[in-house]
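Pasted the sequence and its predicted model underneath.
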Amino acid sequence: MIISLKVKGAVQGIGYRPFISQKAKEYSLKGMVRNIGAAVEILVSGKENDLADFVNAVKTQYPAGAFILDVQKTVIPDDMSFSYDSFVIEDSIPVDLSDELAVFSPDIGICNDCLEELLDPNDRRYRYPLISCASCGPRISIANSLPYDRDTTTMEEFDMCPVCRREYVSGRRMHAQTISCHECGPQMLLAEYKASAGSSDIFCRFDKDEAVNRAVDILKSGGIIGLKGISGYQLLCIPNDDTARRLRSIKGREAKPFAVMFSTAKEIKEYAFVSSKEEDLLKSSARPIVLLKRKGDFPKEVIKASDYIGAFLPSTGVHKLLCDAVGPLIATSANKSDMPMIIDDKAFMEAFMPKKADSFDQYSHVDAFLYHERKINMAQDDSVMFVCPGSKGREVAHFVRRARGYAPLPVLLNKEYGNCNVLALGGDLKSVFAFGKKDKIMPSQYIGDLEDYDVFQNFDAYIERFEKFYHFTPDVIIRDMHPLYISHSYADKKSAAYDKKIKILDVQHHHAHALSVMAEHSLNSCIGVCFDGTGYGTDNKIWGGEFLLCKGTDFKRVGRLSYVKLCGGKDAPKKASLVSGCYEEALGIKALDDFSRAALKNNINIFETSSMGRLFDAVCALLDINKLNSYEGECAMLLEKRAYSYSGDYPHISFDILDDKDMLIADQIMLYNEIKKIVEEGKYSVEAIAYGFHMAIVKLVLDICIKIRKEHDENKVCLSGGVFLNRILLKECIRVLEENEFEVYVNEAVPSGDGCISLGQAYYGLMMQDI
């Protein structure tokens, strides 16, 4: 009996063909396996019972890093010629990918087997910094095209040595496209600045183990180095105040906490509390940064005002070697603040190294850079996650940033939506685009804020690269409806660049937030509770404290915060004291300078907003916690910090809710006024008031959802928006809603902030095909 199997899913770049070869031999089958496009084709002959067991194994068993979407079986007529007398792995063949949205692997953190070899003095890859195998190493960041083979990656420039070539055809590294060792493949190099005038080369140069050892010496002495990893450059230094202060100067990063890389989970536990779920995340193949509650003091210049340590484990051999030798290391993306991560050697030198002798500035330049000569196609920042109690009390991992280790894996829907190709452009902040087709939506990695020109250039280039990689030409482009968004105008230019007419659809920002949760959980309707800082509304005002009744592709705004008029334009989100002053002006209190008051009175550079994010800023300033957002969400984070550990008596503050023509309006000005009076009375601590403010929002969510359920018979609630990165709100809103028998859904596959917008947009575009 002869059968053919076509396996779809993440089945390339993870040792799947060697795995299938081993399974076929276990069942005494003859035939072949090969990559075809983005899938794997298997042709096997054998006894009927053995074939049945083999097919079941293919459907239920797979190597680490793989997942199976579909296994299509075809029985081949017995009279077909079959020329195999054993089981072999054949060369890949390209096929047309336009009918499917292919699934491909993200970059994969170093596996335990490679870690053991790295640290084993008797192994031929002992201390080889770029060690990898069929189960780990770079994937999407080095892939040029599909099918995934060595000659379709940036490894094609490196010939295998005789030993690696033998390992490539048998053993653990069978068909591992990144196979290399001390004798072949990319090697680590180090260039260190030397202050010797008159020399033609201003760098001391080292290679291989000498390069790594010299990097260790520089780090131990308090220096800062650049490191080219598998998906971009990083800046590394020891986590003390002096070195971190210098690093902040080099990056132009004033207050945002730095992440810290540790050698082992045991070492992390010396500094932070780690639950079993958090430990699983840390050790996962994605190797994300996990935000952990710190146990005690930690250098202030590293984490600034945060109660959390952004901790992670080494994702490559070189990271492990450095951590083992030096100890914990700050590891942050090599970029100037708000600019994209650097992946090019020359670009790194331009940004962080002196250009001539005697021009070194320790507050602008790093001391050395450790790099290799393998090309990186796309930057991938570290993914950032946290764990919080979720629905029914289970611990849930949430994304703050989704990138390396997860992108470009798709979100899977429970039905197919026609054959239309959807390109969703997301928003301008925390930009992520997405491709949608049939039953899959593939969000890209985090790219950055499109206001930065270099970030926008990456955004455009990565869309083009993904279109070629996935053989994807959009039929429709979905964009945010904000007319001044860069992504909005980009849609017009992008659609005009194709040979065919491309339809453009606008989706309201907060509707996209709700749709993103609906997409993850395959919902058709919900109450969308969407809290964030800004989003352009259908009434041309800035929304951000929204209750939406969503059904299919339609939504109705049924609740919101009241509007407040803010001055300052784009600067308002940065200046919490200015926002607080505008709230006080709305109460008739003179709180702003004459210029700002005149702007409010004459509607100059002002906007009206229902933003929950701005309410957080106003209350943070009112409580004299912080007056300025030096990075997005800083004031909200500091307000949450003051409330998080509070457990005593607190003021029971509440919103007044007005039912105005089918719109439930929560009066945020009166809430602000109530908090102001409590502050002036002096009865409660700042921590108690901050906690009371959080609980007022929790009560608001419950009260309005109950009213909407009673009126519209909708029991499903989707929570989304950057405000739900707040652990108190997320946990307590889920708790009180479930206690009142609501079904509660949140973002889990993508961030709840603007990194989810393209997912919601793509879901909208796919569902529109059913209308």
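Yep, it's here. Residues are numbered from 1 along each chain as shown.

so V260 sits in a strand?
Yes - under DSSP: H, G, I helix; E, B strand; the rest coil, V260 falls within a strand.

Is it in contact with P314, as I believe?
No - shown here, V260 and P314 do not form a contact pair, counting by C-beta atoms under 8 Å, at 11.9 Å. Yep, even glycine has a C-beta here, placed from its N, CA and C like the rest.

C550: how many residues sit nearby?
Counted with other C-beta atoms under 10 Å, the neighbours of C550 add up to 24.

ditto for I625
Using other C-beta under 10 Å, I625 is surrounded by 17 other residues.

okay, the closest residue to it other than its chain neighbours: pLDDT?
Nearest non-adjacent residue to I625, counting by C-beta to C-beta, 6 or more residues apart in numbering: L638, 5.2 Å away. Each residue has a pLDDT score; the one for L638 is 97.

And for the one 4 residues further on?
Per-residue confidence for R642 comes out at a pLDDT of 97.

OK, contacts around it?
Listed by C-beta atoms under 8 Å, 6 or more residues apart in numbering, the contact partners of R642 are 623, 625, 686-687, 690.

ok, now with 7 Å
Contacts were defined as C-beta atoms under 7 Å, 6 or more residues apart in numbering; by that measure R642 touches 625, 686-687, 690.

State the pair within those that is farthest apart.
Using C-beta to C-beta, the two most remote members of the contacts of R642 are I625 and E687, lying 10.0 Å apart.

For my notes, confirm V290 occurs in a strand.
Yes - assessed by three-state DSSP, V290 belongs to a strand.

Number of residues surrounding M261?
By other C-beta under 10 Å, 27 other residues sit near M261.

Sketch out the strands for the stretch 251-400 of the chain, chain order is fine.
Secondary structure of the stretch 251-400 of the chain, counting by DSSP state E, counting those that start in this stretch: strands at 259-261, 289-293, 308-312, 329-333, 368-371, 384-389, 395-401.

what's the answer for the stretch 1-150 of the chain, then?
2-10, 30-36, 39-45, 67-76, 87-89.

the bottom helix or strand of this protein by mean pLDDT?
Lowest by mean pLDDT, DSSP states H and E among the helices and strands of the chain is strand 67-76, with a mean of 89.

Just list what that one packs against, helices and strands only.
On a contact count with 3 or more C-beta pairs under 7 Å, 6 or more residues apart in numbering; DSSP states H and E, strand 67-76 meets strand 2-10, helix 48-60.

Let me have the strands of the stretch 251-400 of the chain in TSV, extended by mean pLDDT and distance to V422.
Formatted as TSV, those follow (pLDDT from 0 to 100; distance: least, C-beta to C-beta, whole Å):
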stretch	mean pLDDT	distance to V422
strand 259-261	98	34
strand 289-293	98	30
strand 308-312	98	33
strand 329-333	97	30
strand 368-371	98	38
strand 384-389	95	27
strand 395-401	96	22
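
Among those strands, which comes closest to D241?
strand 329-333 (11.4 Å).

Any chance you could list what contacts the closest one?
Residues outside strand 329-333 that contact it (C-beta under 7 Å, 6+ apart) are 219, 232, 234-239, 244, 247, 258-261, 302, 322-323, 341, 381.

residues of it that come out buried?
For strand 329-333, the neighbour count (16 or more other C-beta atoms under 10 Å) marks 329-333 as buried.

Pretty sure I14 sits against A66.
Yes - at 4.8 Å, I14 and A66 qualify as touching, with contact defined as C-beta atoms under 7 Å.

more neighbours, those two?
The residue with more neighbours, out of I14 and A66, is I14; 24 against 21, by other C-beta under 10 Å.

measure the more buried one to S391 for me?
Distance of I14 to S391, computed by C-beta to C-beta, to the nearest Å: 31 Å.

and the next element down the chain from the longest strand along the chain?
Determined from DSSP state E, the single longest strand within the chain is strand 525-536. Sequence order places strand 542-551 as the next helix or strand after strand 525-536, per DSSP states H and E.

Now stretch 158-173: average pLDDT?
On average, stretch 158-173 scores 94.

now that stretch, how far from the chain's geometric center?
Mean-position distance between stretch 158-173 and its chain equals 34 Å (C-alpha atoms, centre = their mean, to the nearest Å).

now what about that stretch, what contacts it?
For stretch 158-173, the external contacting residues (C-beta under 7 Å, 6+ apart) are 113, 133-134, 174-176, 179-181, 183-186.

What about V717? Give its phi and psi, please.
Here is the backbone geometry of V717 (degrees, to the nearest 10): phi -120, psi 130.

wait, it sits on S525?
No - checked against C-beta under 7 Å, the pair V717 and S525 is beyond contact range at 11.0 Å.

Give me the more crowded residue out of the two.
V717 (27 against 17).

who's that one bridged to?
Beta-bridge partners for V717, by DSSP bridges, are I527, V744.

re the thing from before, for F104, find the nearest of the strands of the stretch 251-400 of the chain.
Between those, strand 395-401 lies closest to F104; by C-beta to C-beta that is 19.5 Å.

quick one: the strands in the stretch 501-650 of the chain?
503-507, 525-536, 542-551, 554-561, 564-567, 606-609.

Point out the most buried one among those strands.
Mean neighbours per residue, mean count of other C-beta atoms under 10 Å, is largest over the strands of the stretch 501-650 of the chain for strand 525-536, with a mean of 26.

What is that one packed up against?
Going by 3+ C-beta pairs under 7 Å, 6+ apart, strand 525-536 lies up against helix 509-520, strand 542-551, helix 612-622, helix 686-712, strand 716-720.

Quick check: pLDDT value at V11.
89.

Could you give the number of residues near P354?
Should you count by other C-beta under 10 Å, P354 turns out to have 17 residues around it.

Please name the residues that touch it.
Listed by C-beta under 7 Å, 6+ apart, the contact set of P354 reads 193, 202, 360, 365.

out of those residues, which are inside helices?
Using DSSP state H, no member of these sits in helices.

P288 contacts S383, doesn't it?
Yes - judged on C-beta under 7 Å, P288 makes contact with S383 at a distance of 4.0 Å.

overlap in contacts of the two?
Common neighbours of P288 and S383, counting by C-beta under 7 Å, 6+ apart, are G405.

more crowded one of the two?
P288 (29 against 26).

Which residues are in contact with that one?
Per C-beta under 7 Å, 6+ apart, neighbours of P288: 281, 312, 382-385, 405.

Distance of it relative to Y308?
From P288 to Y308 the distance is 14 Å (C-beta to C-beta).

which residues make contact with stretch 468-480 from outside it?
Here stretch 468-480 makes contact (C-beta under 7 Å, 6+ apart) with 96-98, 101-102, 143, 145-146, 420-425, 427, 435, 466-467, 487-488, 491, 494-495, 498, 502-507, 509, 536, 757, 761-762, 764-765.

again, but for stretch 758-771
In contact with stretch 758-771 (C-beta under 7 Å, 6+ apart) are residues 411, 417-418, 420, 422, 424-426, 432-434, 436, 441, 443, 476, 478, 505, 507, 512-516, 518-519, 552-553, 750.

For it, buried residues please.
Per 16+ other C-beta under 10 Å, stretch 758-771 contains these buried residues: 758-768.

on that earlier part again, by neighbours, which of the contacts of P354 wins?
I202 (20 neighbours).

is it true that that one touches K194?
Yes - I202 lies in contact with K194 (C-beta under 7 Å); the separation is 6.3 Å.

where in the stretch 51-200 of the chain is pLDDT low?
Low-confidence segments of the stretch 51-200 of the chain, defined by pLDDT under 70, span residues 196-200.

What is the nearest of the buried residues of strand 329-333 to M349?
Minimum distance to M349 across the buried residues of strand 329-333 is 16.6 Å, recorded for S333 (C-beta to C-beta).

roughly how far apart are the closest one and V384?
Noted for S333: a distance of 11 Å to V384, by C-beta to C-beta.

shared neighbours of the two, which are they?
Residues touching both S333 and V384 by C-beta under 7 Å, 6+ apart: none at all.
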